[in-house]
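>>> Have a look at this prediction, sequence included:
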Number of protein chains: 2
Amino acid sequence: MDVCNCNICELKDMFFENVSKDEIKYLCSSKVEIPYKKGDFIIEQGSAIDDFMYLKSGLVKLYIHNDDEREQIISFAKPKDFVSILSIFSGNNYTYSVKAVQDSVTCNIKMSEIRHLAETNGKFGLSLLQRMSKVSDKIILESLEVRKRKLNGRVAYILLFFKEHIFNSNEFELPVSRKEIAEYIGMTTENVIRTLTEFRKDKIIKIYGKVIEICNLERLESISKHG
Amino acid sequence: MDVCNCNICELKDMFFENVSKDEIKYLCSSKVEIPYKKGDFIIEQGSAIDDFMYLKSGLVKLYIHNDDEREQIISFAKPKDFVSILSIFSGNNYTYSVKAVQDSVTCNIKMSEIRHLAETNGKFGLSLLQRMSKVSDKIILESLEVRKRKLNGRVAYILLFFKEHIFNSNEFELPVSRKEIAEYIGMTTENVIRTLTEFRKDKIIKIYGKVIEICNLERLESISKHG
DNA sequence: ATCAGCTTATGATAATTATCATAAAAGGTT
DNA sequence: AACCTTTTATGATAATTATCATAAGCTGAT
């Protein structure tokens, strides 16, 4: 389908079946794609919320930072994930920042148009509500999952997270630094490194610089589950 | 206003200004109020989602429990808060349980009617989306707030939470056990008790059984902020 | 190429937190 | 009242995690 000027219009995918071609066209009329380089800010905490954004390619981190304190990563977003989630429907300003951890492209649609469409097309609104809820739920449940684990369980968990949700392979290049892993699962950088080293010594993983190869999946899963 | 058979219809409050009298009547047609005793299950993890529920009176805890593991309290809900939040728009079964920590009354509306109204009245849907988002956001941000603190900071935080969000007073009867506090802020029961004792010895609070009196608010706030 | 700055790595030590054990206090039941 | 169970309380100890220090490796900029 070629309802908009981008080659492959994934908007229909994003908002389910409840939008007509005309409505897609309407959304697309304000749709822009913005490329970012690794390390670029995509959203700055505190800035005004104008656009509804989802990720077209790359990988980004959503995080909170309060001056002196350490950053706390809330979640990673991969292609087709929403980038604007928290506060998007509940406030006027972002309560978090988003930064590209890999070169990324976002798709932006004016919030005013999303709102307008949701008001006029209840089915679209309901779909949106479902999608948004799914995202929030996942973040909440995942944070509980992480929190109940000890450090080695957390590291195992995030390795499996990358394997299963991002790369779908036993071997992958870590898309984030050890520091960012630490900020995500709530531990110190040193202990992330130490734990990875420990996994390596126990022949559970191999480490080639940024590349991780999971050698003993069962063991890693066991550690993730039972510590 | 007396659009429904309950004396004070708070539905308008719950769903903003975007619902007509007829629509309120429609929602009310399936609305029931259910009383629970302290300790009663209101929602059992895994059960089917039929109703949209909010709390009319009392206090409830939302929590996750997986067989052998310790319970993890996600959030407390006070009157006018939604009780069904997680998974309500994103799945068919509850991913968490809700239990009354005080005698409570819930208001239940059939999900099918909520859905139907959201589909036919986009403004209502959008209001709902805003309300739901606000709840999720608060849970996510609060969990980050708690997690970054050390134990004494967490206990200080939850005392201030009760003071500010539930009781609005420097003296209140703790509505939950030390164990439940521990399950909420992610520490052991012993350490919650120990920390409270420490606060008492430092004359920051007084403890009369279940009753807590905050004597040194500034100090407590300081501990909550900087440990 | 060289330097500065960041990431990764590892060890030693201190601080924090959990676990285990025990007992008093409180609440509920017969 | 007597009994049982749960909660609160406290201490001793073990386990976990953070902090501090140091150094090697990598990366980007001049």
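Nice, I can see it.
>>> longest helix in chain A, by residue count?
helix A:122-147 (DSSP state H).
>>> and the next helix or strand after that one with helix A:122-147, angle?
The helix or strand immediately downstream of helix A:122-147 is helix A:151-161, counting by DSSP states H and E. Per axes from the mean of the first three to the mean of the last three C-alpha atoms, to 10 degrees, the angle that helix A:151-161 makes with helix A:122-147 is 140 degrees.
>>> Any residue of helix A:151-161 touching DNA strand D?
Yes. Applying C-beta under 7 Å from any atom of the strand, one finds helix A:151-161 touching DNA strand D at A:L151, A:N152. Yep, even glycine has a C-beta here, placed from its N, CA and C like the rest.
>>> swap in stretch A:217-226?
No. Stretch A:217-226 is not in contact with DNA strand D by C-beta under 7 Å from any atom of the strand; minimum separation 11.4 Å.
>>> neighbouring contacts of that stretch?
A:149, A:152-153, A:156-157, A:159-160, A:170, A:199, A:202, A:204-205, A:214 (C-beta atoms under 8 Å, 6 or more residues apart in numbering or on different chains).
>>> buried ones in it?
Neighbour-count burial for stretch A:217-226, counted by 16 or more other C-beta atoms under 10 Å in any protein chain shown, picks out A:R219, A:L220, A:I223, A:S224.
>>> And for stretch A:114-134?
Within stretch A:114-134, the residues scored as buried using 16+ other C-beta under 10 Å are A:114-115, A:117-119, A:121-133.
>>> Then stretch A:164-172?
A:F167, A:F172.
>>> next one: that stretch to chain centre, how far?
Taking C-alpha atoms, centre = their mean, to the nearest Å, one finds stretch A:164-172 lying 15 Å from the centre of the chain it belongs to.
>>> Span of that stretch from start to end?
Taking C-alpha to C-alpha, to the nearest Å, the first and last residues of stretch A:164-172 lie 11 Å apart.
>>> Also stretch A:100-118?
Stretch A:100-118: ends 29 Å apart by C-alpha to C-alpha.
>>> what do you get for stretch A:101-112?
Span of stretch A:101-112 from end to end, C-alpha to C-alpha: 28 Å.
>>> same deal with stretch A:83-94?
11 Å.
>>> show me where chain A has helices.
According to DSSP H, the helices that chain A contains are A:11-14, A:21-29, A:111-120, A:122-147, A:151-161, A:178-185, A:189-201, A:217-226.
>>> would you list those helices in JSON lines and tack on mean pLDDT?
As requested, the helices of chain A are exported to JSON lines (pLDDT from 0 to 100):
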{"stretch": "helix A:11-14", "mean pLDDT": "76"}
{"stretch": "helix A:21-29", "mean pLDDT": "82"}
{"stretch": "helix A:111-120", "mean pLDDT": "93"}
{"stretch": "helix A:122-147", "mean pLDDT": "94"}
{"stretch": "helix A:151-161", "mean pLDDT": "97"}
{"stretch": "helix A:178-185", "mean pLDDT": "97"}
{"stretch": "helix A:189-201", "mean pLDDT": "98"}
{"stretch": "helix A:217-226", "mean pLDDT": "95"}
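>>> right, and those - which one's nearest B:R178?
helix A:122-147 (19.1 Å; C-beta to C-beta).
>>> Quick one: check that closest one for contact with DNA strand C.
No. Helix A:122-147 does not reach DNA strand C (C-beta under 7 Å from any atom of the strand); its nearest approach is 10.1 Å.
>>> what's the distance between stretch A:188-202 and the middle of its chain?
So, by C-alpha atoms, centre = their mean, the centroid of stretch A:188-202 is 24 Å from its chain's centroid.
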